[in-house]
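A.B. asks: Here is my input, please return the structure:
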Amino acid sequence: MLGILKRKIAVRVAFYVCFLMFFVMAAGAAYLLRQQSRSLEGQLLERGRMETVIGAKVIGRVLEEAIDNGVFTLQDAFDTNYVLIPGFDPAKYHTRYDAYLDKAILSLQDEFLKDDSIIYAVATDINGYVPTHNTPYQQAITGNQEQDKVGNRTKRLFNDPIGIKTARNTEEGFLQVYHRDTGETMWDISTPVYVKGKHWGGFRIGFSLKKTKQAQHDLMMTLGGIMAAIFLLSLFLIIAAVNKVMRPLGECTRLASELADGRVERKIAMQSQDEIGLLADALERLRVSLKAAMDRLSRK
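C.D. replies: A predicted model of the protein is given here:
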């Protein structure tokens, strides 16, 4: 390959052009990847925002209907006198309304899990108390603390900094990065829940970023493959094009070699008006001069 690069101007020019083109394409691909990644994240965030808005309205309506139907009072709905359920670590609690919500909102919350990017979708009161968690997190207690921490998360107070900000947030589609105590890192998106005009808490969902990262990786691999294919195709086409353009130069080189060997009979003519045409014209004048000089020498 190095020998070809040294001997062939066309190949050398093609490699230089492709080398520069590669950096231009790489910069363009990096920009496109960044823009597409932002677009994917933006779409995910908007989807999460809309789902939390829907969830918050549904939870608020369920609580208001229970109050209106006399199931419990408004004061009961805002009960924060958490009654410890013995024998659990982390601790679990009852409130005046949690038994009702176990029946009223479990299936509603589970509907959100049909989106496989959503890890959890729960209502939380103003202090981070989750009266009813999703079905996958209400598994039977095993006695293994680490296993139960993952499999049974209902009726816990999630009053860590992220949980408290979520519970007391008053902004629709509030986004935080959540390092869950199960070791997962995800987006936590929440929207406030209002009951009879009063801030009760929030509806929060956990969005897995695995799909987004996988989509970003797939996009990067696709762009890399396209770049490699374009680079190789461009190299081939540029070499072919440069070879075609440089062919007259090769002819001039051959004619100059003939002149150096004293073969001056054949007229040198090129149709092009570019630098190669000017070179051919100069070689023709040189040929005429050499022929005249050789003729004079032969007459002597």
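A.B. asks: Distance of residue 28 relative to residue 227?
C.D. replies: In this view, residue 28 and residue 227 are 9 Å apart by CB to CB, to the nearest Å. Quick note: C-beta positions are derived from backbone N, CA and C, even for glycine.
A.B. asks: Those two - which one has more neighbours?
C.D. replies: Shown here are residue 28 and residue 227; by other CB atoms under 10 Å, residue 227 has more neighbours (16 against 12).
A.B. asks: Now do the SS call for the closest residue to the more buried one other than its chain neighbours.
C.D. replies: Take residue 227 and drop its neighbours on the chain: the residue closest to it by CB to CB, 6 or more residues apart in numbering is residue 25, 5.4 Å away. Look at residue 25: counting by DSSP: H, G, I helix; E, B strand; the rest coil, its state is helix.
A.B. asks: And the pLDDT for residue 25?
C.D. replies: For residue 25, the pLDDT comes out at 72.
A.B. asks: quick revisit: pull up the overlap in contacts between residue 28 and residue 227.
C.D. replies: Counting by CB atoms under 8 Å, 6 or more residues apart in numbering, residue 28 and residue 227 have no common neighbour.
A.B. asks: which parts of stretch 231-241 are buried?
C.D. replies: Of the residues in stretch 231-241, 231, 234-235, 238-239 count as buried by neighbour count, 16 or more other CB atoms under 10 Å.
A.B. asks: The residues you listed in helices, which ones?
C.D. replies: 231, 234-235, 238-239 (DSSP state H).
A.B. asks: Residue 139 against residue 152, yeah?
C.D. replies: Yes. Assessed by CB atoms under 8 Å, residue 139 is found in contact with residue 152 at 5.4 Å.
A.B. asks: These two - which one has more neighbours?
C.D. replies: Using other CB under 10 Å, the more surrounded residue of residue 139 and residue 152 is residue 152, with 20 against 14.
A.B. asks: Residue 133 versus the more buried one, what's the distance?
C.D. replies: With distances taken as CB to CB, residue 152 is found 8 Å from residue 133.
A.B. asks: what do you get for residue 202?
C.D. replies: Taken as CB to CB, the span from residue 202 to residue 133 is 15 Å.
A.B. asks: Over to residue 221?
C.D. replies: In this structure, residue 221 and residue 133 are 37 Å apart, going by CB to CB.
A.B. asks: Could you do residue 81 as well?
C.D. replies: Residue 81 sits 20 Å away from residue 133, going by CB to CB.
A.B. asks: same question, residue 84
C.D. replies: Computed as CB to CB, the residue 84 to residue 133 distance reads 18 Å.
A.B. asks: Between the two, point out the one with more neighbours.
C.D. replies: Using other CB under 10 Å, the more surrounded residue of residue 84 and residue 133 is residue 133, with 22 against 10.
A.B. asks: Quick one: residues contacting the more buried one.
C.D. replies: Counting by CB under 8 Å, 6+ apart, residue 133 has contacts 109, 120, 122, 153-156.
A.B. asks: From those, which land in helices?
C.D. replies: Judged by DSSP H, those include residue 109 as members of helices.
A.B. asks: ranges for the helices of the stretch 151-300 of the chain?
C.D. replies: Using DSSP state H, counting those that start in this stretch, the helices found in the stretch 151-300 of the chain span residues 161-168, 210-260, 275-299.
A.B. asks: pLDDT (mean, whole number) over the second one?
C.D. replies: If you average the pLDDT over helix 210-260, you get 73.
A.B. asks: How far off centre is it?
C.D. replies: On the basis of CA atoms, centre = their mean, to the nearest Å, helix 210-260 sits 29 Å off its chain's mean C-alpha point.
A.B. asks: can you check stretch 172-180 too?
C.D. replies: Worked out by CA atoms, centre = their mean, stretch 172-180 lies 19 Å from the chain centre.
A.B. asks: Keeping just the C-alphas, turn that stretch into CSV.
C.D. replies: Extracted in CSV, the C-alpha atoms of stretch 172-180 (Å, rounded to 0.1, in the frame of the first residue of the first chain):
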residue,chain,number,x,y,z
GLU,A,172,-46.2,19.3,36.1
GLY,A,173,-43.6,16.8,34.7
PHE,A,174,-41.0,17.5,37.3
LEU,A,175,-37.8,15.6,36.4
GLN,A,176,-35.2,14.2,38.7
VAL,A,177,-32.4,11.6,38.3
TYR,A,178,-33.2,8.9,40.9
HIS,A,179,-30.7,6.6,42.3
ARG,A,180,-33.0,3.9,43.6
